[in-house]
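Asks: Have a look; sequence and predicted model below, questions after that.
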Amino acid sequence: MNVRTTLILAILVALLGGYYVWSLRQPKPETGNPTVFAFDDKAVQEVTITRDGRTIGLRRDGETWRLTRPVEARADQGPAAALVASLTLARIERIVEEKPASLADFGLEPPAVTISLKVRDKAEPISLLLGKTSPTGSWVYAKRGDSPAVLMLPANLKGDLEKTPTDLRDKTIVSLDSTKATRIELKSKDSFIVAAKSGTEWWLESASGGIKVKADGAAIDRLVRAVGDLKAKEFVAEGAIDIARYGLTRPDYRVTVSEQDAPTPKTVLIARKTAKPGKASKAPAPTPEPDQAYVAVEGGKQVFLVEGKILEALKRSPLDLRDKRLLSFEIKDVKGLRLAWPDATIALEKEGDNWKLTQPQVATADSGKALDLIYSVNGLRFKDIATEKPGDLVRYGLAKPQVEVTVKKTDNTDLPAIAFGKIDKGKNQLFAKVKNSPIVYVLEPRVLDDLPRDPAKLKKEDVKEKKS
């Protein structure tokens, strides 16, 4: 055998030996339980996760999870349940070594993450250690506390366990149900608005509690939901807190909501977060941060940081919350409608499923056009209030209105007539007034375009005439 052949054989032996050693360290197919644990998430009673010297604890309380470390608080049920499920569903992809000489080689001594589980019907906790991520990034080395074997688990398990206490904590600030709300008080630095529910309708009240005007129920519901939907972005302070430090002794908004069957109202304080100048700064005033706000529940022991959009949601005037309908009625309850112009009156009346003109002459009406007109009247909304105490109606053109609209109901009673006055072209305003109210409203002038002066526009076209 020559030198060259000997050299080649020596290299091959070395390669084979290296491959043998390397193959011993490679994952082998798992022949046992395909999951790390032989129980499901329903059996887990407590979870403790230690990482980077910090510990997070979760405990099952009936059907819900609570955070036990680093603080005692209700957990966010979705993330908490998902974390426990990811542990119990984790599959063993491979056994790397049955009896490793060194756990440090796999990042398991000390481990990167330590998980301890208390399981129903098990006397002792069960632990799982997670170490390094494999070179490919697809797997993480792991070891159960009751076994020496080093395992390979999917690397996303390690990612699932990188939750912070804030991630796992319930971020609900106050529980409110808009369907059960019976009263809301919205106090800002500029106004104090009170709305109370009577039956199924909301009314805006005066400061003394007397009912003033009908409120927009949908707008009130949105207001209650905006407060009830508040979620903590950060938990700023807990325990013995100084709310003055966060501007909450004189908040931008103070919202008090009473709910049906609730023993006491719930009051939420909201203040815009500001960046206050430091001692060395000569800045003249705090700089507002509209995207963030501090929140506290009156009587509570926490201050939260939330998204500043709540400030816009609460930026409401009494006008914003008023019912802006000039008349409130259901289309199905309408039997007739009358347009009284200075030079003519147009009247419609329903007969069965059809409509007819009764003034200025009797004729068959186009039912589609008649309904369009009624829908237009039903959809009338004011955009502003000119005055609540008009002294002189002449200035608004309402002493002798352009037109009066009267809706007749199926019980043969008339709703209060709507009078339309003059148009202020400079401000693009049309003045209007409902007969039983002193208020003069401001509407868009274009609403008059939907009120015909010519009865022919409401008549049903004669098919024969149309063909000829």
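Replies: Cool, got the structure. Residues are numbered from 1 along each chain as shown.
Asks: residue contacts, residue 215?
Replies: Contacts of residue 215 were listed using Cβ atoms under 8 Å, 6 or more residues apart in numbering, and they are 195, 201-204, 321-323. For every residue, glycine as well, the C-beta is placed using N, CA and C.
Asks: Flag the shaky bits of the chain, pLDDT-wise.
Replies: Across the chain, residues meeting the criterion (pLDDT under 70) sit at 1-33, 207-211, 275-290, 462-468.
Asks: all helices for it, in order.
Replies: The residue ranges that make up the helices of the chain, judged by DSSP state H, are 3-24, 77-89, 156-160, 165-168, 217-228, 309-313, 318-321, 367-378, 463-467.
Asks: just checking, residue 266 touches residue 180?
Replies: No - between residue 266 and residue 180 there is no contact, the gap being 11.5 Å when judged by Cβ atoms under 8 Å.
Asks: out of those two, which sits in the more crowded spot?
Replies: Neighbours were counted for residue 266 and for residue 180 using other Cβ atoms under 10 Å; residue 266 has more, 20 against 14.
Asks: Show me what that one is bridged to.
Replies: According to DSSP bridges, residue 257 are recorded as the beta-bridge partners of residue 266.
Asks: which residues touch it?
Replies: Residues 174, 176, 256-257, 259, 297-298 are the ones in contact with residue 266 under the rule Cβ under 8 Å, 6+ apart.
Asks: For it, give its distance to residue 174.
Replies: For residue 266, the distance to residue 174 equals 5 Å [Cβ to Cβ, to the nearest Å].
Asks: so what sits against both of these two?
Replies: Each of residue 297 lies in contact with both residue 266 and residue 174 under the rule Cβ under 8 Å, 6+ apart.
Asks: Need the overlap of contacts for residue 266 and residue 180.
Replies: residue 259.
Asks: Okay, domains of this structure per the record?
Replies: The chain breaks down into these structural domains: 11-168, 181-276+287-321, 331-463 (assignment by automatic domain parsing).
Asks: burial measure for residue 300, as a count.
Replies: Residue 300: 18 surrounding residues under other Cβ under 10 Å.
Asks: All further residue positions should be reported with the first residue as 57.
Replies: Okay, using 57 as the starting number, the last item reads as residue 356.
Asks: if I look at it, how far off is residue 350?
Replies: From residue 356 over to residue 350 the distance is 13 Å, taken as Cβ to Cβ.
Asks: Is it correct that residue 223 is in contact with residue 138?
Replies: No - between residue 223 and residue 138 there is no contact under Cβ under 8 Å: 10.5 Å.
Asks: For residue 306, give me its contacts.
Replies: Taking Cβ under 8 Å, 6+ apart as the definition of contact, the neighbours of residue 306 are residue 327.
Asks: Could you list the residues in contact with stretch 116-124?
Replies: By Cβ under 8 Å, 6+ apart, the residues outside stretch 116-124 that reach it are 100-102, 112-115, 128-131, 133, 136-137, 140, 221, 224-225.
Asks: Just the terminal-to-terminal distance for it.
Replies: Stretch 116-124 has an end-to-end distance of 10 Å (criterion: Cα to Cα, to the nearest Å).
Asks: can you pull the buried residues of it?
Replies: Along stretch 116-124, these residues count as buried under the neighbour rule (16 or more other Cβ atoms under 10 Å): 116, 121-124.
Asks: roughly how far out does that stretch sit from the chain middle?
Replies: Taking Cα atoms, centre = their mean, to the nearest Å, the mean C-alpha location of stretch 116-124 is offset from the chain mean by 25 Å.
Asks: Quick check: the gap between residue 373 and residue 330.
Replies: From residue 373 over to residue 330 the distance is 24 Å, taken as Cβ to Cβ.
Asks: let me fix that: residue 508
Replies: Going from residue 508 to residue 330 by Cβ to Cβ gives 56 Å.
Asks: ok, residue 431 touching residue 386?
Replies: No - Residue 431 is beyond contact range of residue 386, at 11.6 Å (criterion: Cβ under 8 Å).
Asks: ok so, going back, reformat the contacts of residue 271 as CSV; add neighbour count and distance to residue 215.
Replies: Output for those, formatted as CSV (neighbours: other Cβ atoms under 10 Å; distance: Cβ to Cβ, whole Å):
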residue, neighbour count, distance to residue 215
251, 24, 47
257, 12, 51
258, 23, 48
259, 20, 53
260, 20, 51
377, 22, 46
378, 19, 51
379, 20, 51
